[in-house]
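Novice: any chance you could fold what I've pasted below:
(2 chains)
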Amino acid sequence: MLTIFLIVAIAVFAAVYVSWRAGRLDRLHARIEATRAALDAALLRRNCVAVELAASGLLDPATSVLLAGAAHDARAGSRPRELAESDLSRTLRAAFGQPDFRISLSGAEGAEELLTELEAAAHQVFLARKFYNEAVSATISARRRFLVRALRLSGRASAPEFFDIDDSLVAGTSGDGTDMPRLTGRPSERPWS
Amino acid sequence: MRIGIVCPYTWNVPGGVQSHIRDLAEALIDLRHQVSVISPADDDVPLPDYVVPAGRAVPVPYNGSVARLSFGFRPASRVRRWIRDGDFDVLHVHEPATASLSLLACWVATGPIVATVHTANPRSRLMHAAEPMLQSALEKISARIAVSEAARTTLVEHLGGDAVLIPNGVAVRKYAKADPLPGWPGPGGAIGFLGRLDESRKGLSVLLRAFESIGPSRPGLRLLIAGPGDAAEALGQVSAALRDRVVFLGMVSEEDKVRVLHSVDVFCAPNTGGESFGIVLAEAMAAGAPIIASDLEAFRRVLRGGQAGELFAVGDAADLARAAERLLDDPQRRASLSAAACEAVRDYDWPVVARAVVQVYETVVAGGSRVRVVAAALGR
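Specialist: Predicted coordinates:
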């Protein structure tokens, strides 16, 4: 009698434990989906603002064409997305890195709003990518656990992948060693450096 | 946005985390967000209307000292009810790895959770022993913020993952006006210093060496020094004739710190290294003090390359003395530095910092879900 009771108890305990572990893994997968959605939204927003800037007539035609082209490539999906988004970052950096870029735009109607929005959008890409990659690394290490592999707790969910792009057009904007975007609306001393 | 903030420590006990949360919550409210803070609090203590009490915190031995923490089923069920009633877009927990309310909140909640890490702890045995339990709660956090490089390093080493660095804000308003201490700065001028006396990185001995060289030729000049540490030992570095002109206040309250900054003609930050941000400087700037500071990279950034304060060679007492004399003899230059500092410090004001935090909120909320309580006890 006691043996049966013990076996049942152990079986119940094991079942509860396994379902708890499966629940944790499930939550990690949900976190990946949520952060991935946020990352997509951030990339799309940056793309939209870049297109708006290109079409605004504020820039010289050559810069406008480059910018619109890079934004189009990033959206079109003809190349691996990470490469295309990195190229958009580089194009933005090249545009903003022109000597006296901000000074030449100061005073033009709507310029400050657009640039501020672009800075914010680019910073959002930086944040979203960081949070997504963090979720991916937490999930990868959870999926490597013995129990998870032995019981195939991750089910049919495909293995998550890191999203690696060059988004450094924001990394240097705050200029004070922190990850604060410049939101004060004043021209930065070292824009996009 | 509806924001729920969890404070792990008793609200009415002064502390860095508590004042950070208070300033952040108020800045967010000013930005027209709806904010609710849940915090342990003593009974019968008046609380701001955005704070929900979670009951008394209990003193327990923790990490080698006694901490007042909130744990157990009752606070957990209060947090649960607070989350259910609050219907938050985002949950922001502070110090999630501390065995208190924040950890409980991570247990009972699901959805967009942001965590801020404040302290830089060496790895504790407790953290090691509790790691599986911590891990399952911390896995739910979708974005982490560290307030300093040291806190970020601790986080990366102990809990894995990375964090966004957003510094503490400076409540510029609170520093702007204060009465000088009675009798200060005095006719001969005064130089101020804030910080630990016995920590060599804070550089007090550099300032004392400089005073040794300019003190004798300026009979009225005094030093005003505030901060914890052994005053007698520091005074030993000054020759006997000058000692009565070096005034130590010991550790001072927040209000007195502001008064100290308003009591001096020149504020000196002689740090020799290790400052990642320079909060001391930002506070002095908010008070409008004319500043001389070591030419450290962090300080140079905060002072806009020297526009908002004079820089001298790191650890060079003679250079410090020259900079101090220049300023003491030039009231006009002091006034213009003071004005430039007040302007430059606005980059570190709470509204700016709060907007950076809101951007993190927006990023995690973009995932589409809301904050919910997990249904069953085993759902944790």
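
Novice: find the least confident helix or strand in the chain, judged by mean pLDDT.
Specialist: Let's take chain A. helix A:101-105 (a mean of 75; mean pLDDT, DSSP states H and E).

Novice: if you could check chain B rather than the one you did, that'd help
Specialist: Using mean pLDDT, DSSP H and E, the lowest element in chain B is helix B:125-129, with a mean of 56.

Novice: identify the residues contacting residue 26.
Specialist: Reading this off chain A. The contact partners of residue A:26, by Cβ atoms under 8 Å, 6 or more residues apart in numbering or on different chains, come to none. (Each C-beta comes from the backbone N, C-alpha and C, glycine too.)

Novice: hm, I was asking about chain B
Specialist: Counting by Cβ under 8 Å, 6+ apart, residue B:26 has contacts residue B:350.

Novice: which element, helix or strand, includes it?
Specialist: Using DSSP states H and E, residue B:26 maps to helix B:16-30.

Novice: buried sites along that helix?
Specialist: B:17-18, B:20-28 (16 or more other Cβ atoms under 10 Å in any protein chain shown).

Novice: check the offset of that helix from the chain's centre.
Specialist: Put simply, helix B:16-30 sits 11 Å off its chain's centre (Cα atoms, centre = their mean, to the nearest Å).

Novice: what mean pLDDT does that helix get?
Specialist: Average pLDDT, helix B:16-30: 90.

Novice: can I get it as CSV, trimmed to CA atoms?
Specialist: What follows is helix B:16-30 as a C-alpha-only set of coordinates in CSV (Å, rounded to 0.1, in the frame of the first residue of the first chain):
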residue,chain,number,x,y,z
GLY,B,16,19.0,55.7,-2.9
VAL,B,17,16.5,53.3,-4.4
GLN,B,18,13.5,54.9,-2.7
SER,B,19,14.4,58.4,-3.8
HIS,B,20,15.1,57.2,-7.3
ILE,B,21,11.6,55.7,-7.5
ARG,B,22,10.0,58.8,-6.0
ASP,B,23,11.7,61.1,-8.5
LEU,B,24,11.0,58.8,-11.4
ALA,B,25,7.4,58.4,-10.5
GLU,B,26,6.9,62.1,-10.1
ALA,B,27,8.6,62.8,-13.4
LEU,B,28,6.4,60.2,-15.2
ILE,B,29,3.3,61.8,-13.7
ASP,B,30,4.5,65.2,-15.0
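
Novice: surely residue B:327 and residue B:310 touch.
Specialist: Yes. With contact defined as Cβ atoms under 8 Å, residue B:327 reaches residue B:310; the gap is 6.6 Å.

Novice: number of nearby residues for the closest residue in space to residue B:106 that isn't next to it in sequence?
Specialist: Nearest non-adjacent residue to residue B:106, counting by Cβ to Cβ, 6 or more residues apart in numbering or on different chains: residue B:137, 3.9 Å away. Residue B:137: 22 surrounding residues under other Cβ atoms under 10 Å in any protein chain shown.

Novice: count of neighbours near residue B:209?
Specialist: Residue B:209: 18 neighbours (other Cβ under 10 Å).

Novice: wait, isn't it in contact with residue B:317?
Specialist: Yes. In this structure, residue B:209 is within contact of residue B:317 by Cβ under 8 Å, at 3.7 Å.

Novice: pull the longest helix from chain A.
Specialist: helix A:2-55 (DSSP state H).

Novice: poorly predicted segments of chain A, please.
Specialist: Residues of chain A that meet the criterion pLDDT under 70 lie in A:169-193.

Novice: so who does the closest residue to chain B within it touch?
Specialist: Here chain A gets closest to chain B at one residue, residue A:34, 2.8 Å apart by Cβ to the nearest Cβ. When contacts are counted by Cβ under 8 Å, 6+ apart, residue A:34 touches B:112, B:142, B:364, B:367-369.

Novice: any idea which of the residues you listed is closest to residue A:167?
Specialist: For the contacts of residue A:34, the closest approach to residue A:167 (Cβ to Cβ) belongs to residue B:364, at 17.5 Å.

Novice: tell me who's in contact with the closest one.
Specialist: A:34-35, A:38, A:131, B:90, B:112-114, B:142-143.

Novice: how about a cut-off of 6 Å?
Specialist: Contact partners of residue B:364, counting by Cβ atoms under 6 Å, 6 or more residues apart in numbering or on different chains, are B:112, B:142-143.

Novice: tell me which of those is nearest to residue A:161?
Specialist: Distances from residue A:161 to these, taken by Cβ to Cβ, are shortest for residue B:142, at 18.1 Å.

Novice: ok, the most centrally placed residue in chain A - contacts?
Specialist: Taking Cα atoms, centre = their mean as the criterion, residue A:129 is the residue nearest the geometric centre of chain A, at 2.5 Å. Taking Cβ under 6 Å, 6+ apart, we find residue A:129 in contact with A:39, A:163.

Novice: one more time with 10 Å
Specialist: A:35, A:38-39, A:42-43, A:85, A:162-165, A:167, B:363 (Cβ atoms under 10 Å, 6 or more residues apart in numbering or on different chains).

Novice: over to residue B:106?
Specialist: By Cβ under 10 Å, 6+ apart, the neighbours of residue B:106 are B:6, B:79, B:91, B:93, B:96-97, B:113, B:115, B:134, B:136-141, B:380.

Novice: one more pass at 8 Å, please.
Specialist: B:93, B:96, B:113, B:115, B:137-138, B:140-141.

Novice: narrow those to those in strands?
Specialist: Judged by DSSP state E, the contacts of residue B:106 include B:93, B:113, B:115 as members of strands.

Novice: what does the stretch 251-380 of chain B put close to chain A?
Specialist: Proximity of the stretch 251-380 of chain B to chain A, by Cβ under 8 Å from any Cβ of the partner chain, involves residues B:276-277, B:297-298, B:301-302, B:304, B:346-347, B:352-353, B:355-356, B:359-360, B:362-369, B:378-380.

Novice: for PyMOL, what selects the buried ones among these?
Specialist: In PyMOL, this line selects whichever of these come out buried by 16+ other Cβ under 10 Å:
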select buried, chain B and resi 276+277+298+301+302+304+347+352+353+355+356+359+360+362+363+364+365+366+367+369+380
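
Novice: can you put the contacts of residue B:364 in CSV and add distance to chain A, pLDDT and neighbour count?
Specialist: Formatted as CSV, those follow (distance: Cβ to the nearest Cβ, whole Å; pLDDT from 0 to 100; neighbours: other Cβ atoms under 10 Å in any protein chain shown):
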residue, distance to chain A, pLDDT, neighbour count
B:112, 7, 92, 30
B:142, 6, 88, 27
B:143, 5, 90, 26
